[in-house]
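Q: Quick one: sequence and predicted model below, then my questions.
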Amino acid sequence: MTESTLEPITVAIERRIDPERAIEATSWMQAGTDLAATFPGFLGSGWVRAGEGSELWYMLYRFRDIATLERWETSPQRTWWLESGNAFAREVRVERRTGIEGWFDAAQATGIETRVTQSLATGSVAVQPVVPPRWKQATTIWLGFFPVNLLATFLLGFIPGFTELPLVLRVLITTLMLTPIMAYWVLPAVTRLLRGWLQR
């Protein structure tokens, strides 16, 4: 998947931690969160254990874009921090979320951070953020795209000579014009309006 350079990126990391070194790991995880917060583009972070005595720990952090994320991920500070946990922490899975799916979890980002904080305070198991099913994503995109495309097609028809242009050129102009409108205004607005249905 091609990652957008303009969209916020959320990274979810699953690690196996030696249960015998939970106190040490707690300080280590918090140190990583505090360290990431000092980097430009940092939008939030949190970590949680799957359960008391569990080997599985989850860390979530979010950066403004791919450039700021990569500055953190390739920094000597992060390398030092990761190496300091080699004795008791092993990375199992890493997931980045951006692009189309990023539109659907962007509206829930605050909720994700709140759930993590509550889990740390109460000791309950955190719920992993769930992206809506593909058919809901497709429906949401269509609900935004149809009226915008209809209006654009209607208005462009008034431009002298536009309808006489070759089909490929008309489609090129239309998509170049509508893609940023969809990405920056329409899809975020539609996902906010449908948040309850998307999260259900």
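A: Structure's in. What do you need? All figures in this text were calculated on a predicted structure; none of them were measured in a lab.
Q: what's the domain layout of the protein?
A: Domain ranges of the chain: 9-122, 134-199, per automatic domain parsing.
Q: May I see the buried residues of the longest helix anywhere in the chain?
A: Counting by DSSP state H, the longest helix found in the chain is helix 134-156. Under the neighbour-count criterion of 16 or more other C-beta atoms under 10 Å, helix 134-156 has 136-137, 139-141, 144-145, 148, 152 buried. All C-beta atoms are positioned from the backbone trio N, CA, C, and that covers glycine.
Q: elements contacting it?
A: Taking 3 or more C-beta pairs under 8 Å, 6 or more residues apart in numbering; DSSP states H and E as contact, the helices and strands that helix 134-156 lies on are helix 99-106, helix 167-181, helix 187-193, helix 195-199.
Q: mind redoing it with 7 Å?
A: The contact analysis (3 or more C-beta pairs under 7 Å, 6 or more residues apart in numbering; DSSP states H and E) places helix 134-156 against helix 167-181, helix 187-193.
Q: Check the offset of it from the chain's centre.
A: Centroid displacement of helix 134-156 relative to its chain, using C-alpha atoms, centre = their mean, to the nearest Å, is 23 Å.
Q: Just the CA atoms from that helix would do, formatted as CSV, please.
A: Output in CSV follows, covering the C-alpha atoms of helix 134-156 (Å, rounded to 0.1, in the frame of the first residue of the first chain):
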residue,chain,number,x,y,z
ARG,A,134,-15.3,-2.9,3.6
TRP,A,135,-18.9,-2.6,2.5
LYS,A,136,-19.5,0.2,5.1
GLN,A,137,-16.3,2.0,3.8
ALA,A,138,-17.5,1.6,0.2
THR,A,139,-21.0,3.0,1.1
THR,A,140,-19.5,5.9,2.9
ILE,A,141,-17.2,6.8,0.0
TRP,A,142,-20.1,6.5,-2.4
LEU,A,143,-22.4,8.7,-0.3
GLY,A,144,-19.7,11.4,-0.4
PHE,A,145,-18.6,10.9,-4.0
PHE,A,146,-22.0,10.7,-5.7
PRO,A,147,-23.3,14.2,-4.9
VAL,A,148,-19.9,15.8,-5.4
ASN,A,149,-19.4,14.2,-8.8
LEU,A,150,-23.0,15.0,-9.8
LEU,A,151,-22.5,18.7,-8.9
ALA,A,152,-19.1,18.8,-10.7
THR,A,153,-20.5,17.2,-13.8
PHE,A,154,-23.4,19.6,-13.9
LEU,A,155,-21.2,22.7,-13.3
LEU,A,156,-18.4,21.7,-15.8
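Q: picking that back up, right, and the helices and strands packed on helix 134-156 - which one's nearest residue 8?
A: Set against residue 8 and scored by C-beta to C-beta, the helices and strands packed on helix 134-156 come closest in helix 187-193, at 11.4 Å.
Q: what pLDDT, on average, does the closest one get?
A: In this model, helix 187-193 has a mean pLDDT of 82.
Q: picking that back up, pick the most buried one from the domains of the chain.
A: Each of the domains of the chain was scored by mean neighbour count; the highest is domain 9-122, a mean of 16, by mean count of other C-beta atoms under 10 Å.
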